[in-house]
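Engineer: structural data only, the sequence is not supplied:
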Ligand code: ASP
């Protein structure tokens, strides 16, 4: 990236670390047996290296896997490496990974790395051998974004298709299109145009509710259960036997379940934290609107904890990390409320 007047860059060259974890951006299908992640970091950087000027990119190949193989243990490991890099004077970080789990992995990094420095996660919808492969453009845009200090303090972002999405809101909303990423609650917070970051909305800084040093390596298993028409939620009777330490329930609409699920849910909530999210995927869980059996007021009154603005998948990441820290039900409730207030300004 050449520096131009007006760019908020540190004294050049800026220094970026690129971590690669596989996914479609790193996949090849040379023998037509189906694309698999094979490429290492240097091979990903190669095609865009000529466009990256005034940025020193240190490449670290971490894994070559489909992103369904990633776990919170990977996020904990990477977060520790990133904290070390930024402490050693790197200006920003880019992570490439499969797009299937980017919305969860990026949010886990947001919770685990307390920094002002830009952290950008990206991937590709079309592998490098496909027509119109989007990986090189996404990577070049992400390196530019990570070295542009206008993103300082904006939290972890996902850059895809020249859009900048906040990790806390982004979702993969299409299975195959290059414009697969949306932030249904807010929209993209910025764009990359002519190779430069335009940041339209600066997300509020999230309260630090996770202390990575206290998260045990094997984070607690949390069930994500999504309500569906006519389902009686019988799996809830088994969650303790199955070894789960917590549940995130994606209720209907503003956070509702059928009346027949209330007693089983209350029973689970008496033994482990149960977090109430909305299966709609955007907007806050309600708190004071409906009063029928199974309504949000009923469930919150029976000890369920509001996910606030977080969708079920992101709430599950937060709950897993909190339980990994040994948090009690009360600690979990306080942490979700703090995060929600810091993100929304709600008092
Ligand atoms: N299956 C791929 C993955 O998530 C999809 C992608 O990278 O776009 O690893």
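Structural biologist: Yep, that arrived. What you see is a predicted model, and the numbers here were worked out from it, not measured in a lab.

Engineer: so which residue is smack in the middle of this protein?
Structural biologist: Geometric centre of the chain, nearest residue: residue 107, 2.7 Å, by Cα atoms, centre = their mean.

Engineer: which of the three states applies to that residue?
Structural biologist: helix (DSSP: H, G, I helix; E, B strand; the rest coil).

Engineer: how much space between it and residue 145?
Structural biologist: According to Cβ to Cβ, to the nearest Å, residue 107 stands 18 Å off from residue 145. Bear in mind the C-beta positions are built from the backbone N, C-alpha and C, glycine included.

Engineer: ok, residue 206 next?
Structural biologist: For residue 206 relative to residue 145 (Cβ to Cβ), the value is 19 Å.

Engineer: do residue 337 as well
Structural biologist: 31 Å.

Engineer: ok, those two, which is more surrounded?
Structural biologist: residue 145 (28 against 16; other Cβ atoms under 10 Å).

Engineer: doesn't that one lie inside a strand?
Structural biologist: No. Secondary structure assignment (three-state DSSP) places residue 145 in helix, not in a strand.

Engineer: burial measure for residue 21, as a count.
Structural biologist: Neighbours of residue 21 (other Cβ under 10 Å): 28.

Engineer: and this protein, which residues reach the ligand?
Structural biologist: Residues of the chain lying near the ligand by Cβ under 6 Å from any ligand atom: 23, 24, 66, 67, 98, 99, 100, 123, 125.

Engineer: wait, what's in contact with the nearest residue to the third one once chain neighbours are set aside?
Structural biologist: Read that as residue 66. Leaving out its chain neighbours, the residue that sits closest to residue 66 by Cβ to Cβ, 6 or more residues apart in numbering is residue 98, at 5.4 Å. The contact partners of residue 98, by Cβ atoms under 8 Å, 6 or more residues apart in numbering, come to 21, 22, 23, 24, 25, 37, 65, 66, 67, 68, 70, 123.

Engineer: ok, residue 287 next?
Structural biologist: Counting by Cβ under 8 Å, 6+ apart, residue 287 makes contact with 296, 297, 300, 306.

Engineer: repeat that for residue 97.
Structural biologist: Residue 97 touches 20, 21, 22, 23, 25, 67, 70, 105, 121, 123, counting by Cβ under 8 Å, 6+ apart.

Engineer: cool, and residue 220?
Structural biologist: 245, 246, 319, 320, 323, 324.

Engineer: quick one: classify the third one as helix, strand or coil.
Structural biologist: I take that to be residue 319. Counting by three-state DSSP, the backbone at residue 319 sits in helix.

Engineer: hmm, residue 343 and residue 204 touching each other?
Structural biologist: Yes. With contacts counted by Cβ atoms under 8 Å, residue 204 reaches residue 343, the gap being 5.9 Å.

Engineer: neighbour count winner among those two?
Structural biologist: residue 343 (22 against 15).

Engineer: that one is in what secondary structure piece?
Structural biologist: Secondary structure from DSSP states H and E places residue 343 in helix 329-344.

Engineer: which one is residue 153 nearest to, not counting chain neighbours?
Structural biologist: Residue 153's closest residue in space is residue 116 (Cβ to Cβ, 6+ apart), at 4.8 Å.

Engineer: kindly list the longest strand within this structure.
Structural biologist: Longest strand in the chain by number of residues (criterion: DSSP state E): strand 55-65.

Engineer: please identify the buried residues of it?
Structural biologist: Across strand 55-65, burial judged by 16 or more other Cβ atoms under 10 Å covers 55, 57, 59, 60, 61, 62, 63, 64, 65.

Engineer: show me the helices in the protein, by range?
Structural biologist: Along the chain, counting by DSSP state H, helices occupy 41-49, 72-87, 102-112, 135-146, 262-269, 296-301, 312-324, 329-344.

Engineer: quick one: the third one to helix 329-344, angle?
Structural biologist: When you say that, I think you mean helix 102-112. Angle of helix 102-112 versus helix 329-344, following axes from the mean of the first three to the mean of the last three Cα atoms, to 10 degrees, is 100 degrees.

Engineer: ok, which of the helices of the chain comes nearest residue 14?
Structural biologist: Proximity to residue 14 (Cβ to Cβ) singles out helix 135-146 among these, at 8.4 Å.

Engineer: quick one: that closest one to strand 55-65, angle?
Structural biologist: Going by the same axes, to 10 degrees, helix 135-146 makes 130 degrees with strand 55-65.

Engineer: show me what helix 135-146 is in contact with.
Structural biologist: Under Cβ under 8 Å, 6+ apart, the answer for helix 135-146 is 1, 16, 18, 24-26, 44-45, 47-48, 51-52, 55, 57, 91-94, 96, 118-124, 126-128, 151, 157, 159-162, 164, 192, 195-197.

Engineer: how far off helix 41-49 does that helix point, in degrees?
Structural biologist: Going by the same axes, to 10 degrees, helix 135-146 is angled at 80 degrees with respect to helix 41-49.

Engineer: ok, and the closest non-adjacent residue to residue 306?
Structural biologist: Counting by Cβ to Cβ, 6+ apart, residue 285 is the residue found nearest to residue 306 once chain neighbours are left out, at 4.7 Å.

Engineer: what about the closest residue to residue 262 other than its chain neighbours, how many residues nearby?
Structural biologist: Excluding its sequence neighbours, the residue lying closest to residue 262 (Cβ to Cβ, 6+ apart) is residue 294, at 5.3 Å. Here the number of neighbours of residue 294 (other Cβ under 10 Å) works out to 20.
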